[in-house]
Each structure stands twice: as structure tokens, then as C-alpha cells.
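> No sequence on hand, only this structure:
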Ligand code: SF4
Ligand code: SF4
């Protein structure tokens, strides 16, 4: 039995004359074993608390999909209160620990959008009926002071259906973008989360600028276009799209330099703008013939080093090539070779005709 009372009007409660007084709509998500039982105890003990909360019971807070909370906000909930067992008391050992980590991650993103104060994570045990009533009263009071949710326009909500071809992370991203649009949130600065602040499953490729030679092996194996590259003014820029990484580590395996590592991490600007964060630049070699930039200088140097290790540099140097092998672009190499072959072959062909 859950007993609630209408919340008291506070001086800061938004009112408009002639209109029905605004009341916060709060979604409560509780675990079955502790907080729901605590709420039930508050009811059977006839402890009164504000009736603005609507409780959804789940077996464990670990079952709370981030989409539950984000959809609640997208749908216009004024506040969302999650409550589970105290740390160490979880019926499923560590479900509440995993849930809290996820919560902290999304709260940090929602803080940036001005919605972080509208979600809370509490711990209420089955014997804490009074604490449950106090937690709900306190949160309701806080939401009353904050006023109605700034999330506007409830049309065109995100389709939450996730099929086997789609990743849950993409869906979460879609809902976050939808919420951002509804609160007019525009990310302005790069914001990198510390590894311990990031939810499991979120990571990105980190390149070591001292080891990376710009060979673009990682770029060619990435299945999700996480790694982008762009050649601008004699430099090759490498970018990372923080939305897409599957943490599959294929790029790590492909790197010949051990220069890339998938680390738990997250960057908000790239995520919300859906654009790569340009995080590395490598100088490009200028072609000794046409003058166009073509391949990263460190890549050419590394190639030369490896050939030297295999004692192949001398062999290459011994060839009488019609171009400088390390500083000529592939197009000019082809043209020079074709020209040389034509020059060598022409007299032979001519002689052949005569005989
Ligand atoms: S871990 Fe996989 S998805 Fe992420 S950057 Fe590397 S290859 Fe791409
Ligand atoms: S594969 Fe390694 S060396 Fe090549 S561009 Fe990627 S990080 Fe750099």
C-alpha cells in the first residue's frame, strides 16, 4: 500500500491566474526488493508524502535501461527519481553499482543540457519507509522550485524500437539529440569525460602522436567510420567520431606501430554535433616532381627504416629509377615509368621493324 498526499504549494511554484495550478510530474523507478518495499512500508505505516510521483517497479536498478530515463525526459517528465538498495545490499549483488555508474554518466550529459537536477539516484531499503517519504518530499520540493520541464514540443518522439541491425548506443544517441533539440541545447566546447566517468561500452581510439606515422591502417579497417581523415594545406588531419565506436578494437589490431588504443572515454561536443573531433595532424610529403602533397612524411620515413632493416634500401638505391623513390607521388612514378619504358622500347620497336 502506497499512501501519498497532494504536495503543498511553495512560494516559487509557477502559477497562472485562472489556470489549474501546475503540479510536478515525477516518475519513480524503484527496485522490487528494497525501495519498492520501502515505499510500501511508508504506505502501510500511513506516512504521508507528495502524490506527484508515479512508481514503476523493476526487479533491480541494474535493469534500468538508460532509455527509460531519457524517454521519460523526452516525454516531458518534470523529474525522475531512481531508487534502489544500499550499496552492498543488492539482491543481484552489484546491479545497483552498475546502475549508479550509468546514471552518473547520463547525469553529466544532462547537466550540460540543464536537466541534470531533474534526475536523482537514491538508496532506500525495505525497512526505510520514513526515508522513502522524506526522499520523495525533498525531490518534489526541488522540482517545484525548478518549475516545469524546459523540454518542449512532444511531437515526433524518437522511435525506440531497436532491431538486431542497430546498436542500443545509437538509439540512446538519437534520444539525447532529440532532448537537446527540445531544450535548445547547443554544445560549445570540447568536453572529455574521464575514463571512470564513462559507462561500460563507451570508448574511443586514442592515438599516440609520437608513434603514429599516419599510415591510415586504422582508418581502412574501422567498420563504423569512427576514424576520419582529411588532407588540408600539406597536413593530414585525423579525427574521431565519438558517437560511433563499437569498441571492437579492430583498429588496434591493424596498427603496425602499436600507436592506437581503445580507451574508455567520451567527448560531448563531437557526440552532440555528430562530427569528428580532429585530434592529430601529420605533415605530408611534397612530390619532388608535381609538387602535390601525397603521403605522410613519418610514413615514408618508417617505410625506409623497415626496408633498411631488411637490407632492401641498398637494392632500391641500386635500381636506376627515373624518379626519387621516397619523395615522388604514385601518379608521377607511374608517368615516369611509362615514359621511360616508351623511351627504351621505341628504338627497339623501330629496329625490329627494320629487320
Ligand atoms: S574500436 Fe572498432 S569501431 Fe572503434 S575505432 Fe576501432 S575499429 Fe572503429
Ligand atoms: S594504423 Fe596506427 S600508425 Fe597507422 S594511422 Fe592508425 S594509429 Fe597511426
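Okay, I see it. Predicted model, so just to flag it, every value in this text is computed and none were measured. Numbering: from 1, shown residues only. Ligands and ions are numbered 1, 2, ... in the order given.
> So which residues on the protein come close to ligand 2?
By Cβ under 6 Å from any ligand atom, the residues of the chain that approach ligand 2 are 207, 212-218, 254-255, 257, 259-260. For glycine as for every other residue, the C-beta is placed from the backbone atoms N, C-alpha and C.
> Just name the closest of those residues to ligand 1, please.
residue 218 (6.6 Å; Cβ to the nearest ligand atom).
> Check the closest residue to ligand 2 within the stretch 51-200 of the chain and give its pLDDT.
Nearest residue of the stretch 51-200 of the chain to ligand 2: residue 192, at 18.7 Å (Cβ to the nearest ligand atom). Looking at residue 192, its pLDDT reads 91.
> Next up, the contacts around it.
265-267 (Cβ atoms under 8 Å, 6 or more residues apart in numbering).
> got the residues of the chain next to ligand 2 as a markdown table, with secondary structure, distance to residue 172 and pLDDT columns?
Below are the residues of the chain next to ligand 2 laid out as a markdown table (DSSP: H, G, I helix; E, B strand; the rest coil; distance: Cβ to Cβ, whole Å; pLDDT from 0 to 100):
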| residue | secondary structure | distance to residue 172 | pLDDT |
| --- | --- | --- | --- |
| 207 | strand | 26 | 91 |
| 212 | coil | 30 | 93 |
| 213 | coil | 35 | 92 |
| 214 | coil | 33 | 89 |
| 215 | coil | 33 | 88 |
| 216 | coil | 30 | 85 |
| 217 | helix | 30 | 91 |
| 218 | helix | 25 | 94 |
| 254 | helix | 28 | 96 |
| 255 | coil | 29 | 96 |
| 257 | coil | 33 | 94 |
| 259 | coil | 30 | 95 |
| 260 | strand | 25 | 95 |
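> most surrounded residue in those?
Compared across the residues of the chain next to ligand 2, residue 214 has the highest neighbour count, 26 neighbours, by other Cβ atoms under 10 Å.
> From residue 104, how far out is the closest residue to that residue other than its chain neighbours?
Using Cβ to Cβ, 6 or more residues apart in numbering and skipping residues adjacent in sequence, the residue nearest residue 214 is residue 296, 3.2 Å away. In this view, residue 296 and residue 104 are 39 Å apart by Cβ to Cβ, to the nearest Å.
> which one of those two has more residues nearby?
It is residue 296, of residue 296 and residue 104, that has more neighbours when counted by other Cβ under 10 Å, with 24 against 14.
> so where does the nearest residue to residue 227 once chain neighbours are set aside fall, helix or strand?
The shortest distance from residue 227 to any non-neighbouring residue, by Cβ to Cβ, 6+ apart, is to residue 219 (4.6 Å). Using DSSP states H and E, residue 219 sits within helix 217-221.
> Who does the following helix or strand past that helix pair with, and is each partner parallel or antiparallel?
Note on helix 217-221: by DSSP H and E, the next helix or strand toward the C-terminus is strand 227-232. The pairing partners recorded for strand 227-232 under DSSP bridges are strand 235-240 (antiparallel).
> quick revisit: closest to residue 304 among the contacts of residue 192?
Among the contacts of residue 192, residue 265 lies closest to residue 304 (Cβ to Cβ), at 34.0 Å.
> can you list the domains in this structure?
26-151+167-182, 192-285, 287-349 (automatic domain parsing).
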